[in-house]
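Participant: here you go, sequence then predicted model.
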Amino acid sequence: MDRSQLLDEPSYGFLALSELKSRFQAALDWGANAMKDPTGKIGFLLGAIFLVELSVMLVTDELEIDMTGLPGALLDAATLTIVVSFVVLRLMLKPLQEALESEHAKAQVILDGASDAIITIDERGIIQTQNRAARHMLGFSDKDAIGSNISIIVPPPHRERHDKYLENYLRTGLRKVIGEMRQMDAMRKDGSIVPIEMAVSEVQTGNRRVFTAILRDITERRQAEQAREKLMRQLETLSERLATAQEEDRRKIAHELHEELGQELMTLKLFIEILGPGRKAKQAKDNRDAALAAAVHVSKRVSELVQDLAPPELEYFGLDAAVRTYSRRQAVAGRWNLHLDCPKPEVRAPRSVERACFRVLQEGLSNVLHHANATEVWVHLHQGIDELELRIRDNGIGFDRSVFHDEKLRENGSIGIFGMQIRAKQVAGVVKINSSVGNGTEVDAVFPLTVDSAEPV
C-alpha cells in the first residue's frame, strides 16, 4: 500500500481501516481455530476477559492511552493475551494431560487383563471402548468397533430393535437389562453366533451417561448343560426301559410258573388222587408212572428256570462253563448247529463282569431262538489280559439296523437288544450289533478288565 492510498483511507492511530479489518479478521480466524482445543477455549476466554477489563479501565479513566490508536491497541492486547494464555495454559495443562493419558493407559491395561469381555457405550449406543477379551471373543478390532453402534454384535431380529430399547429406557427409565444378568446370543464379526451371559451397568458423569457391558462366553457351559439334559433324558429312558425289562422278566417267570409248572403240578395232584385204595394193579401202575413222569418234568422245568435266573455253573465253575451249558441247551431248543469256542481262562473275571456277560449271552441267544430262524450259530468267548469279549453270530434272516430307534420296534420285541446294552453298561462294557436283512446278525460285546480284579479259577 503506497502513501497516497494510506492518506485517502480513514485511519485510527497508525493503522488504516483496511489493515485494522485484516488484523481483526485474522484474530477471529485464530480464535476460531483455538476454540477447537479445550486449552484454546480457556485462552480465548481469558483474552475476552482482558478486553472487557481494558474497556472498563478506559471508560473510568483509570488508564491513559492515546484514543486515536485505541482499536489497534485493543486488538493487539487481545491477541497477545490469547497467545500468552494459550502458551501458559498449555504448559500448565500438559502434565495434567499426560497424567490423564497415563491413567487411561493403566485403566486399559486393567481392562485388557480381565478374562471377561468389557464394552462401554454412550447413550446413543455408540461403542467407546472395548478390552482385549472383547476383541478376542467377537473378532472386531478397535478400528471396527469404536465409533460403531453396539448393534453390530446383536444378531437379527433383535438388531433392528436394539436402538429402540435404549431410547425407551432413556425416555421412561424402565429397566429391562440394566442391573440384571441376562443370557443371550451375540454375533461375531464373521457372522457366527456365540452364547453369552451379559451384565450391564450405568454411570452418569455430568450430563453424560456411559453404559458398561460385561460379556462372558458361556459356550462350554451351555454345551455342558445340553449334555447334562441329554444324559438326564437318556437316564429317564434307561430307567423306564429297565423297569420294562424287569417287568418282562417277571412276566416270563409268572408265565412259566402258572402256565407250565402250575399245570404240571395240577396233573400230578390228580394222579396222586386216583392212586387211592381200590384201584387195580395195572391201572395203579399206569397212574404211578404218569405221576412220576409229571414230577420229573416239573423238576426239569424248575431246574431250567433256576438255570435262567442264577445258573449254578456260573457261580461255582465260571463263565466258560455257564456259556457252554446254556448255549448247548438253547441249540437243542432251537434245533441249530452250534459252533462253540470258549476256552477256559487262567483266571476268572470279576463276578459282576461274568454275570453281565452271561446276561448278554442269554439275551442274544434268546433273540436268535425267537426271531432269527437260524440254522447255524457261532458263540465265541475269549478272555484277554485287559478285556473280555463275547461274540454271537447267526445265519438267520437278520434285520434292518435303521429301525433300532423306532419306538414300535422297542414295544414289539427289541427289549432283548436294549437289555444287552443295559447289562453291558452296568460294568462299563459296550455292545455292538451288526445286521442286515438276509445276512444274519452279529453281536459283539466287550467288557474291560483290570488285573487287580481278576480272580483265580
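Facilitator: That came through fine.

Participant: show me where the stretch 51-200 of the chain has helices.
Facilitator: 70-112, 132-138, 142-145, 158-172 (DSSP state H, counting those that start in this stretch).

Participant: helices or strands up against the third one?
Facilitator: Packing contacts for helix 142-145, counted by 3 or more C-beta pairs under 8 Å, 6 or more residues apart in numbering; DSSP states H and E, involve strand 127-130, helix 132-138. In short, each C-beta sits where N, CA and C put it, glycine included.

Participant: which one, of these, ends up nearest to residue 172?
Facilitator: strand 127-130 (23.7 Å; C-beta to C-beta).

Participant: in that closest one, which residues are buried?
Facilitator: Buried residues in strand 127-130, defined by neighbour count with 16 or more other C-beta atoms under 10 Å: 127, 129-130.

Participant: nearest to residue 115, of the residues you listed?
Facilitator: residue 130 (14.4 Å).

Participant: show me where pLDDT drops low in the stretch 151-300 of the chain?
Facilitator: 238, 241-243, 245-247, 250, 254-262, 268, 271-284, 287 (pLDDT under 70).

Participant: right, and residue 313 touches residue 322 too?
Facilitator: Yes. Counting by C-beta atoms under 8 Å, residue 313 does reach residue 322; the two are 4.2 Å apart.

Participant: and the two? Which one has more around it.
Facilitator: Applying other C-beta atoms under 10 Å to residue 313 and residue 322 shows that residue 322 carries more neighbours, namely 25 against 17.

Participant: any idea which of the buried residues of strand 127-130 is closest to residue 266?
Facilitator: Checking the buried residues of strand 127-130 one by one against residue 266 (C-beta to C-beta), the nearest turns out to be residue 130, at 86.6 Å.

Participant: just to revisit the earlier point, got JSON lines for the helices and strands packed on helix 142-145, with mean pLDDT and distance to residue 224 too?
Facilitator: Output for these, formatted as JSON lines (pLDDT from 0 to 100; distance: least, C-beta to C-beta, whole Å):
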{"stretch": "strand 127-130", "mean pLDDT": "88", "distance to residue 224": "27"}
{"stretch": "helix 132-138", "mean pLDDT": "88", "distance to residue 224": "19"}
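
Participant: show me the one of these that comes nearest residue 150.
Facilitator: The nearest among those, by C-beta to C-beta, is strand 127-130 at 5.7 Å.

Participant: for the closest one, packing partners?
Facilitator: Against strand 127-130 (3+ C-beta pairs under 8 Å, 6+ apart) you get strand 117-122, helix 142-145.

Participant: go again using 6 Å as the cut-off
Facilitator: strand 117-122 (3 or more C-beta pairs under 6 Å, 6 or more residues apart in numbering; DSSP states H and E).

Participant: which SS state does residue 327 fall under?
Facilitator: Taking DSSP: H, G, I helix; E, B strand; the rest coil as the rule, one finds residue 327 in the helix state.

Participant: kindly report the same for residue 399.
Facilitator: With three-state DSSP as the criterion, residue 399 reads coil.

Participant: hmm, it is touching residue 436, no?
Facilitator: No. Using C-beta atoms under 6 Å as the test, residue 399 is too far from residue 436 to be in contact (7.9 Å).

Participant: higher neighbour count, those two?
Facilitator: residue 399 (22 against 11).

Participant: excluding chain neighbours, what is closest to that one?
Facilitator: residue 435 (5.3 Å; C-beta to C-beta, 6 or more residues apart in numbering).

Participant: please, where are all the strands along the stretch 251-400 of the chain?
Facilitator: In the stretch 251-400 of the chain, the strands defined using DSSP state E, counting those that start in this stretch lie at 337-341, 347-348, 376-383, 387-394.

Participant: which residues touch stretch 127-138?
Facilitator: Contact with stretch 127-138 is made by 111-112, 114, 116-122, 145-146, 148, 150, 153, 188, 217, as judged by C-beta atoms under 6 Å, 6 or more residues apart in numbering.

Participant: run the last query once more with 8 Å
Facilitator: 108, 111-112, 114-122, 140-142, 145-150, 153, 186-189, 194, 196, 210, 215, 217 (C-beta atoms under 8 Å, 6 or more residues apart in numbering).

Participant: of these, buried ones?
Facilitator: 111, 116-121, 140, 145, 149-150, 153, 186-187, 194, 196, 215, 217.

Participant: the closest residue to residue 368 other than its chain neighbours: neighbour count?
Facilitator: Spatially, and ignoring its direct neighbours in sequence, residue 368 is nearest to residue 394 (4.9 Å; C-beta to C-beta, 6+ apart). Residue 394 has 27 neighbours, counted by other C-beta under 10 Å.

Participant: so what's residue 173 up against?
Facilitator: Contacts of residue 173 (C-beta under 8 Å, 6+ apart): none.

Participant: mind checking the SS state of residue 214?
Facilitator: strand.

Participant: beta-bridge partners for it, please?
Facilitator: residue 118, residue 199 (DSSP bridges).

Participant: quick check: it touching residue 199?
Facilitator: Yes. Using C-beta under 8 Å, residue 214 is in contact with residue 199, at 4.8 Å.

Participant: looking at those two now, which is surrounded by more residues?
Facilitator: Higher neighbour count among residue 214 and residue 199: residue 214, with 19 against 16, using other C-beta under 10 Å.
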